[in-house]
Every structure is written in structure tokens, then in C-alpha cells.
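A.B. asks: Output the structure for:
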Amino acid sequence: MEAEPPECPVCMQIYDDVSAIPRVLSCGHTTCEVCLKQLPRPFTNTIRCTICTLLVKFPNSPSSLPKNIDLLHFSSVLQHRHPIKEKNVISPSSPPKIGEYPSVIFTSTLKSWSFELYRTWKKWILPKDCIVIENVSLDHDCGVVDGKVFKSFESDHMIGCALRGKENVSLIKVGIFVEREEDSMFFKSSYESRIMTVLCGMKEAERSGLGIILNATHRVSNVGKAYGFWYNEDDKCVYVVWEKLSSPDLMECVLKKKEDEMERLSAEEIIFLGMVGMETCEILSCLHLKELIIGFLSLSCFSFSDFGHVHLDLSEVLSTGRRVNLAVGSSCRDLNNSSKNDLLDLNFVFISPEMLLKLVVKEGFELDPQISRYEVGSASDVWCVACLLVWVIVGSSFVEDVKSFSNVVFSAIKDEKDSDFSGLYTRWVEKVVALLEGRLGLTYATLQKILCRCLGFEPGNRPVITELWKCLRELVIEPKFDMGLSSKQEIKKENLGHSVVLGDVCLIVEESVKDTGDEDDVEPRVERDVIDGISRGNVKCVEMKGHLDCVTGLAIGGGFLFSSSYDKIVHVWSLHDYSLVHSFKGHEHRVTSVVFVDGEQPMCISGDNEGIICIWEASYPFPEEPIKKLYENKDWRYSGIHAMAISGNEYLYTGSGDKLVKAWSLQDYSVSCAMSGHKSVVSCLNVCGGVLYSGSWDGSVRLWSLSDHSPLAVLEQDNMGKVVPVLCLSSDHDLLLVGHENGTIRVWCNDVLVKTIDTHKGAVFSVSKTGKLLFSGGWDKTISVEEISGDIDEMDVTSLGSIVCNSTITALMYRHGKLFVGQADRTIKVYHGV
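C.D. replies: Next comes the predicted model:
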């Protein structure tokens with residue numbers, strides 16, 4: 001096999017002395033000069049080697065780096081010996097393809113809902129303490145309750161209107177969060193996670209329909225507003241919170257005018273009818289533009305605003321839609337009970353013919369395809385508006401005729417006969433025409449004619465809603481005086497959209513319990529990854545007891561768990577059965593930190609608060625005495641070792657009370673370097689990607705190069721002159737997570753603060769990031785589980801839940817699919833999925 005000329009590992013160009021000059025970095029690897037100019041520089045005068053990924057010193061001009069003369073000579077010889085074929089290369093100067101160079105790479109997701117779904121719905125999630133349920137309404141069976149705003153809330157990123165304190169609201173149930181008690185013993189899903197779980201569990205069509213309804217409430221005037229989703233801890237239900245209208249509804253106003261149904265309407269009543277009908281048409285027309293179809297109407301769905309304008313209550317529309325579904329289903333299941341066929345008893349609900357037939361077919365009845373072929377669309381709402389207007393004009397006799405017609409329809413369905421529905425309907429319309437003639441006379445023949453057209457059986461023969469609106473407007477303003485209405489106004493065509501009643505949102509939410517079968521047939525549970533257990537709500541815990549004081553540190557290696565404690569002992573535990581295998585007893589003071597070195601000779605290293613470092617052989621059988629004891633120099637400032645970290649088999653790093661970070665050689669156990677810069681105790685250390693991170697009580701995090709221990713950057717946030725000590729660190733790729741004493745966790749990327757998370761009520765003593773998951777614990781005795789989603793420019797942190805412990809969490813780490821937790825009450829807990 002013949003050798004090929006050497007090429008740049010980035011752009012794949014063959015090295016030459018003109019366009020791809022090979023330059024040697026301080027780590028010994030070579031990259032072409034063009035690529036070195038365009039590679040990102042996370043810190044000043046540094047660059048990350050594309051081969052070994054170490055951060056190395058880099059001059060302002062790459063031309064000052066030495067050329068790799070040997071590679072140039074070798075490349076020249078091979079190019080003259082064999083002509084090079086053309087090949088496609090990607091250079092840093094060429095634009096990357098979409099998705100080719102992601103800024104941060106995450107592993108597989110934990111939860112069932114995606115980041116895109118969360119980003120779509122997060123703006124609708126209300127705070128958990130903003131609503132209280134006052135009383136159960138009469139519509140409780142339909143998932144409707146009354147509530148009150150307990151705490152005012154206003155957010156720039158939330159779509160919903162601002163909530164005002166003590167405001168009355170309506171709550172409509174949209175889902176139930178089911179969680180078995182035995183599975184929630186340890187892990188408790190967060191408030192936000194429970195709402196997202198319910199939304200994710202919906203069918204796509206149901207979720208889409210709900211989105212159309214919610215968005216329409218804020219894009220259409222004179223429509224009751226939806227504030228967002230709220231989870232009730234008492235009944236485990238997710239509700240949509242709606243504006244509750246306190247003004248009188250349309251039914252009350254109309255019924256006051258029905259003292260004498262035989263008397264013809266006066267001119268003032270006709271104008272009132274025209275104004276109400278016109279504003280109703282305007283609201284429905286705007287909803288149609290938002291692809292929202294109702295298909296039924298009731299006077300209880302309307303009210304008057306403070307300025308006397310018609311207002312549509314969409315929350316009442318949804319609750320009425322659920323009652324319609326219940327009534328139709330009940331009527332279809334028990335057709336012999338005629339009392340259940342009177343759908344209009346539901347607050348005078350008028351259901352369009354095509355809507356009623358669709359609901360009947362939805363219950364499993366087969367009808368003549370010629371009759372049930374009509375789709376529910378905007379013409380369905382035209383029919384409903386016409387029915388409301390006719391009822392206002394004619395009175396209760398119209399309602400009785402509609403009831404009689406619906407009973408005839410259900411009787412025909414029960415007898416399973418091929419009834420002439422269109423014929424029945426035509427005879428019913430003829431009765432309506434006679435009633436209108438008696439009430440309106442010849443003066444309002446135009447109104448009578450268009451109302452009869454609106455009541456046509458075929459939706460295609462009905463006028464569009466703008467045509468009905470124009471006729472009603474002429475009742476209020478004579479056309480010759482109407483300067484605002486164009487004679488060439490465009491009539492909008494029939495359109496279809498999402499139907500409220502036919503959608504799954506109007507189905508009654510019921511809790512379904514899966515049949516678990518015979519307990520004897522259930523397979524025994526096995527240990528699973530704790531991440532899988534959290535996603536399914538099945539988390540179990542194993543306790544390990546043996547320490548006599550607070551656990552301070554955890555380390556895993558060689559099939560064992562090593563734990564340090566204030567009891568001056570380092571315990572060794574088996575990861576197979578969690579039994580205590582051995583105890584290292586060499587310290588005379590509190591052990592504050594422990595690490596594991598994986599090499600030819602595995603070692604466990606522990607440090608105490610008097611500056612003594614014990615190095616133990618970490619292989620079975622375990623020795624009684626340490627291999628080596630190291631001693632730090634002490635002065636009046638000294639308060640012991642607070643943190644330790646390992647860089648392969650080369651260095652042990654210690655953070656101490658003397659404000660220094662020391663590098664100890666693991667070859668001769670001497671202090672190779674002492675890094676200064678912190679102004680207080682160095683409380684935590686972390687090594688990742690060629691960088692040593694050190695956190696301090698001075699509130700800063702300093703970055704040091706592992707190659708020469710030189711300083712790279714200082715990360716600190718201005719806190720109005722107040723120092724917030726750093727207590728723990730965790731790093732993953734380019735992300736650095738910093739836990740602070742005030743309960744916040746700050747997320748940094750390439751020395752830029754991208755997110756601040758208010759997670760805990762009290763100091764954060766430990767953080768651990770695994771893939772997208774962030775585990776953290778501290779003073780509040782709670783392990784918080786959060787997911788980091790998105791990229792650096794649009795990062796979201798979602799609380800998935802928490803694990804409540806009985807003591808302060810002092811150390812935690814995720815390894816081998818398990819979460820290991822050290823507590824102040826001397827116990828170690830291991831959480832795993834089942």
C-alpha cells in the first residue's frame with residue numbers, strides 16, 4: 001500500500017508551502033495556517049488543538065509558529081512521485097452545511113415530550129400558586145370549576161393576559177396526571193413537568209385544536225380570554241384558566257323581552273336585534289379567519305361588555321360543547337328514554353343539522369351517506385346564528401318546534417329506517433317561515449328571506465356570514481346613509497376549520513386505569529437506569545449506612561464506591577451488592593474530599609482539613625496503611641483541603657484554605673505548581689477538556705490550562721457588590737455549571753454566562769450533569785432534576801421533578817445508570833430505576 005501525502009486534519013488539504021503551510025503547536029501536533037486563523041479561540045491567546053483537544057498557547061499571528069519542515073519535505077516527495085487526484089474538501093472558509101457543526105452536542109432525551117413541544121407551550125404555563133379553587137360549579141361533571149386569582153401574575157414571555165388579584169376565573173379540565181403512589185415514593189415530578197406530560201399525552205389533533213382555541217382568544221376582539229394552564233395538586237388535574245365574565249348574559253336580556261310573544265316587534269326591538277346579530281356575526285367571522293368553527297350556539301355563551309357590546313365566552317362554549325357531547329351520547333345509548341332527546345334543554349342550545357348528524361355517526365350509528373355527507377364549516381355557525389335570531393323574534397314556540405324535529409330525527413335513527421330527513425326538515429322550515437311572517441310582517445321581508453336561507457338543510461345553499469351581517473346592518477342604518485359600507489364588499493366563501501364540538505377537547509376527561517393483570521404473573525423488577533426510571537416514574541432507593549458523621553465526598557472506580565466523611569474514615573463499598581468492603585483509617589482529622597485514580601496501580605486519594613493527603617492502593621485486598629502521606633504547608637490563613645481533582649495519571653489538584661490551587665505530581669508526589677489568584681478559600685475543582693476549573697468563596701471561577709498551568713480566564717458575575725460564594729462545579733463539553741451559596745446555578749459557555757437557574761432554597765452543595773440532565777442537591781434536602789435543552793443561543797432549563805431526601809445533600813454523582821447521593825445524616829443513598 002503506497003503512502004499518501006500528508007494533509008491538514010481540518011480542511012483535508014495536502015500540505016504545501018503556499019496555500020496549506022503546516023504549523024506546529026506547542027502540544028506537538030500540526031495544522032495548516034489557514035485553519036489555525038479561523039479556528040475559534042475560547043480564551044485570549046489560546047486555541048484548542050484539533051487532534052488532542054488540549055488548550056495550548058497561541059500567538060496573535062500563526063505565521064510565528066514553526067513550520068513542520070519534515071511534513072513539507074515528505075509531502076513534496078510524494079506529490080512529485082504520484083499526481084494527486086482532485087477530491088472534495090471542506091475548508092474553514094467555506095460555509096458549513098446546516099446541522100454540520102453543532103455548537104453543543106447532547107445525548108438522547110429523557111422525557112417523552114420534545115424541546116419543540118415545550119417551547120411551543122411553555123408560554124401558556126401559569127405559576128402554581130396563582131389560582132385557588134373556590135367552589136365546584138354545576139358543570140363539574142363536564143370538568144368545569146370556578147376559581148379566583150390568588151396571586152397577581154404578569155410575564156413578558158407569556159401570551160396570556162395579566163392576572164389580577166382576586167379576579168374570578170373559570171377552569172376547564174383538559175387532562176389528569178396519573179402517578180401511582182408506589183412509583184412516586186422517591187421521585188416527584190415538577191409542576192411544569194406534570195402539565196407538559198398531560199399535553200404530550202394528548203392526541204396531535206386534540207393538541208392542535210386546543211392551540212387554535214387558545215390563540216384565537218387573544219387574536220379576536222370581544223372574546224373571553226384564556227390565561228393558560230394550571231395544575232391542581234388536590235385532584236391531579238390540569239385546567240385551562242379562563243376570564244370569567246361578570247356582566248349579564250344575552251339570555252337574561254332576551255327573556256325580559258318575551259312577555260308577549262304574539263305581539264309584533266317594535267322598531268326599537270328590531271334595531272336591538274340588528275345590533276346584537278351584527279356584532280355576533282363579526283365575532284364569528286373573525287373566528288372563522290382563525291380556522292375555528294363552533295357548530296352550535298347558545299344564548300348563555302354570549303354576554304354584554306361594560307360598553308354594551310356583545311361578548312363571546314369561549315369557556316362557556318367549551319363547557320356547553322361537552323354537555324352537547326354528553327347529551328348526544330346519552331340520547332344515542334338510550335333512545336327509548338324520550339326525556340334525554342331534548343337537547344335544547346341545555347340552556348337553549350341550537351346544534352346545526354350537519355353537526356348533529358356527525359355526532360350521531362361518531363356514536364357508531366350508520367346513516368345514509370347522502371344525508372351525512374355534509375361537513376361542519378362556517379355555514380354551520382350561520383345556521384346557529386339564524387336560529388338564535390329566530391328565537392328572539394318568534395319566542396318559545398320556535399324552541400318547541402326544534403325539539404319536536406330533533407325527537408323525530410332520533411326516532412328515525414332508533415327505528416333504523418331510511419327516513420326522508422330532507423323532507424322532514426323542509427316541513428319544519430315551512431313552519432318557521434309561517435311563524436316569521438306572523439311576527440315580522442311585510443315590513444322586514446328581506447330579513448325574513450335571508451333567515452330562511454340561513455336555515456337551509458344544505459350548507460352550500462346558505463348565505464355566507466358577511467351577507468347575513470350586511471342584512472342586519474341595514475336594520476340599524478339605512479343603506480343610503482351607510483357611508484362605511486362598500487357596495488362592492490367582497491363576500492367571503494365557505495371555509496372549513498377546527499370544530500370545537502367534534503374535537504377531542506370537548507370530550508369529557510376521565511382517568512383511565514390500566515389493567516395490571518394478576519400479580520402472580522408480573523415479572524420481577526430489575527434495576528434500570530435511574531434516568532429511565534425518572535421518565536417512567538419508577539425510582540427506587542438503596543441506603544448504605546456505616547459512617548458516623550456527615551458524608552463529604554464520593555468517588556467511583558474499579559468496581560467500588562469510595563466515600564469520605566467527617567468521621568476521619570474513607571469507606572469502600574461494593575457496587576455489586578452495596579455492602580461495606582473496607583475502611584481506610586489513616587486520617588486524624590475530618591476527611592473533606594476523595595478521588596480515584598485509574599491507572600496501572602489504581603489509587604484512592606483522600607484529603608482532610610489539616611492538609612494531610614493519604615494515597616491508598618485501591619485494589620483488593622485493600623491495605624491497612626496508605627502508600628504515601630503528603631503534607632501541605634500551613635500558615636495562619638490555612639483551613640485545610642476543601643477540594644481535589646485528577647488529571648489522568650499525571651497530576652492531583654487540591655484547593656485549600658490558603659486561596660491556592662496546587663498541582664501535585666503523581667510520579668514523585670511533589671508540588672509542581674501553585675496557582676494563585678483567588679481571594680478566598682478554593683472550595684471546588686473540576687477537570688474537563690484540557691481545562692482546570694476552580695471555584696472559590698470569593699464568588700469567582702478561574703480557568704487554568706492543564707498543559708502549563710497558566711491562567712486562561714476568570715468567570716464572575718456582578719451581584720451589586722455582594723459576594724455569592726461558589727460551592728460546586730460540573731462541566732460537560734463547553735458547558736460549565738456553577739452552584740452558589742444563594743441557591744442559584746449558573747450556566748457558562750466559553751466564558752459567557754448563558755443562563756441562571758433558581759433551583760434551590762439554600763446553598764447548592766453538589767451538581768452533576770449527564771447528557772441533557774442536570775442533578776443538583778443542597779441545603780434544602782432536595783435533589784432537583786432538570787433538563788437543559790436547545791443550543792447556546794436559545795437555551796431552556798426545564799424542571800422535570802425532584803427527589804425529596806430526609807437530610808442535606810452534601811455530595812452526588814451519576815455513574816453506571818445510578819445516582820449516588822451523600823447526605824449530612826451519615827447515609828449514602830443509591831437511586832435506580834425499576
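A.B. asks: didn't residue 282 look like it was pressed against residue 470?
C.D. replies: No. Using C-beta atoms under 8 Å, residue 282 makes no contact with residue 470, being 11.5 Å away. Using the backbone N, CA and C atoms, a C-beta is placed for each residue, glycine as well.
A.B. asks: Now tell me which helix or strand of the protein has the poorest mean pLDDT.
C.D. replies: Of all helical and strand segments in the chain, the minimum by mean pLDDT, DSSP states H and E falls on helix 250-255, at a mean of 53.
A.B. asks: hang on, residue 822 packs against residue 810?
C.D. replies: Yes. The criterion here is C-beta under 8 Å, and residue 822 meets it with residue 810 at 5.2 Å.
A.B. asks: between those two, who's got more neighbours?
C.D. replies: Taking neighbours as other C-beta atoms under 10 Å, residue 822 and residue 810 compare with residue 822 leading, 30 against 23.
A.B. asks: in what helix or strand does that one lie?
C.D. replies: Assigned by DSSP states H and E, residue 822 belongs to strand 818-823.
A.B. asks: now what about that strand, what contacts it?
C.D. replies: Applying C-beta atoms under 8 Å, 6 or more residues apart in numbering, the contact partners of strand 818-823 are 527, 529-530, 550-554, 556, 561, 563, 775, 777, 783, 805-814, 828-832.
A.B. asks: Quick check: beta-bridge partners of residue 133?
C.D. replies: With DSSP bridges as the criterion, residue 133 is bridged to residue 147.
A.B. asks: I'd like the distance between it and residue 190.
C.D. replies: 21 Å (C-beta to C-beta, to the nearest Å).
A.B. asks: any shared contact partners between residue 822 and residue 810?
C.D. replies: With C-beta under 8 Å, 6+ apart as the test, residue 822 and residue 810 both reach 551, 552.
A.B. asks: For the stretch 401-550 of the chain, just list every one of the helices.
C.D. replies: Using DSSP state H, counting those that start in this stretch, the helices of the stretch 401-550 of the chain run over 421-440, 445-454, 465-476, 530-536.
A.B. asks: need those helices in TSV with mean neighbour count and distance to residue 661, can you?
C.D. replies: Formatted as TSV, these follow (neighbours: other C-beta atoms under 10 Å; distance: least, C-beta to C-beta, whole Å):
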stretch	mean neighbour count	distance to residue 661
helix 421-440	16	86
helix 445-454	18	82
helix 465-476	20	74
helix 530-536	21	33
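A.B. asks: coming back round to it: heading C-terminal from the least confident helix or strand of the chain, find the next helix or strand.
C.D. replies: Trace forward from helix 250-255 with DSSP H and E and the next one is helix 267-289.
A.B. asks: So what touches that following helix?
C.D. replies: With C-beta under 8 Å, 6+ apart as the criterion, helix 267-289 contacts 216, 219-223, 250, 257, 265, 293-294, 302, 309-310, 312, 378, 381, 385, 388-389, 392-393, 444, 465-466, 468-469, 472-476, 492, 495, 497.
A.B. asks: Name the SS class of residue 387, please.
C.D. replies: helix (DSSP: H, G, I helix; E, B strand; the rest coil).
A.B. asks: thought it was touching residue 349?
C.D. replies: No. In this structure residue 387 lies outside contact range of residue 349 using C-beta under 8 Å: 9.7 Å.
A.B. asks: Mind listing the shared neighbours of those two?
C.D. replies: residue 297.
A.B. asks: ok, how many other residues are close to residue 585?
C.D. replies: 14.
A.B. asks: what residues are up against it?
C.D. replies: Residue 585 touches 568, 569, 624, counting by C-beta under 8 Å, 6+ apart.
A.B. asks: and the last one, helix, strand or coil?
C.D. replies: In three-state terms, and counting by three-state DSSP, residue 624 is coil.
A.B. asks: which residues sit in contact with it?
C.D. replies: Contacts of residue 624 by C-beta under 8 Å, 6+ apart are residue 585.
A.B. asks: Pop out the phi and psi values for it.
C.D. replies: With angles defined as degrees, to the nearest 10, residue 624 sits at phi -90, psi -30.
A.B. asks: Could you tell me the end-to-end distance of stretch 649-660?
C.D. replies: End-to-end span of stretch 649-660 (C-alpha to C-alpha, to the nearest Å): 21 Å.
A.B. asks: pLDDT of that stretch, averaged?
C.D. replies: Averaging pLDDT along stretch 649-660 gives 91.
A.B. asks: Could you list the low-confidence segments of the stretch 1-150 of the chain?
C.D. replies: 1-3, 73, 76-112, 135-143 (pLDDT under 70).
A.B. asks: meant to ask about the stretch 651-800 of the chain, not that
C.D. replies: 719-721.
A.B. asks: which stretches of it form helices?
C.D. replies: Going by DSSP H, counting those that start in this stretch, the stretch 651-800 of the chain shows no helices.
A.B. asks: Could I get the contacting residues of residue 553?
C.D. replies: So residue 553 contacts 563, 564, 591, 592, 593, 594, 595, 811, 822 (C-beta under 8 Å, 6+ apart).
A.B. asks: one step back: got a markdown table for the contacts of residue 585, with distance to residue 713 and pLDDT too?
C.D. replies: As requested, those are arranged in a markdown table below (distance: C-beta to C-beta, whole Å; pLDDT from 0 to 100):
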| residue | distance to residue 713 | pLDDT |
| --- | --- | --- |
| 568 | 37 | 94 |
| 569 | 38 | 95 |
| 624 | 44 | 91 |
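A.B. asks: And these, which is closest to residue 178?
C.D. replies: Nearest to residue 178 out of the contacts of residue 585 is residue 569 (C-beta to C-beta; 45.1 Å).
A.B. asks: shouldn't the closest one be in contact with residue 584?
C.D. replies: Yes. Using C-beta under 8 Å, residue 569 is in contact with residue 584, at 6.8 Å.
A.B. asks: the more surrounded of those two?
C.D. replies: residue 584 (25 against 19).
A.B. asks: And for the nearest residue to that one once chain neighbours are set aside, the neighbour number?
C.D. replies: Ranked by C-beta to C-beta, 6 or more residues apart in numbering and with sequence neighbours excluded, the top spatial neighbour of residue 584 is residue 570, at 4.0 Å. By other C-beta under 10 Å, 26 other residues sit near residue 570.
A.B. asks: returning to that earlier point: residue 387 and residue 349: who's more crowded?
C.D. replies: When neighbours are counted by other C-beta under 10 Å, residue 387 and residue 349 differ, and residue 387 comes out ahead with 25 against 22.
A.B. asks: Would you confirm that the residue nearest to residue 584 contacts residue 560?
C.D. replies: No. In this structure residue 570 lies outside contact range of residue 560 using C-beta under 8 Å: 10.9 Å.
A.B. asks: Overlap in contacts, these two.
C.D. replies: Counting by C-beta under 8 Å, 6+ apart, nothing touches both residue 570 and residue 560.
A.B. asks: Can you show me the strands along the stretch 101-250 of the chain?
C.D. replies: 131-135, 144-149, 168-176, 187-189, 226-232, 237-243 (DSSP state E, counting those that start in this stretch).
A.B. asks: Of the ones you listed, which shows the lowest average pLDDT?
C.D. replies: Looking at the strands of the stretch 101-250 of the chain, the bottom one is strand 187-189 with a mean of 76.
A.B. asks: mind checking how far that strand is from the chain centre?
C.D. replies: 16 Å (C-alpha atoms, centre = their mean, to the nearest Å).
A.B. asks: Mind giving me the packing neighbours of that strand?
C.D. replies: With contacts taken as 3 or more C-beta pairs under 8 Å, 6 or more residues apart in numbering; DSSP states H and E, strand 187-189 sits against strand 795-804.
A.B. asks: which helices and strands sit right next to the strand it packs on?
C.D. replies: Using 3+ C-beta pairs under 8 Å, 6+ apart: strand 795-804 touches helix 115-121, strand 187-189, helix 191-201, strand 752-758, strand 782-790.
A.B. asks: mind listing what's buried in that strand?
C.D. replies: Residues of strand 795-804 classed as buried: 797, 798, 799, 800, 801, 802, 803 (neighbour count, 16 or more other C-beta atoms under 10 Å).
A.B. asks: in the sheet, who's paired with the second one?
C.D. replies: Here residue 798 sits in beta bridges with residue 787, going by DSSP bridges.
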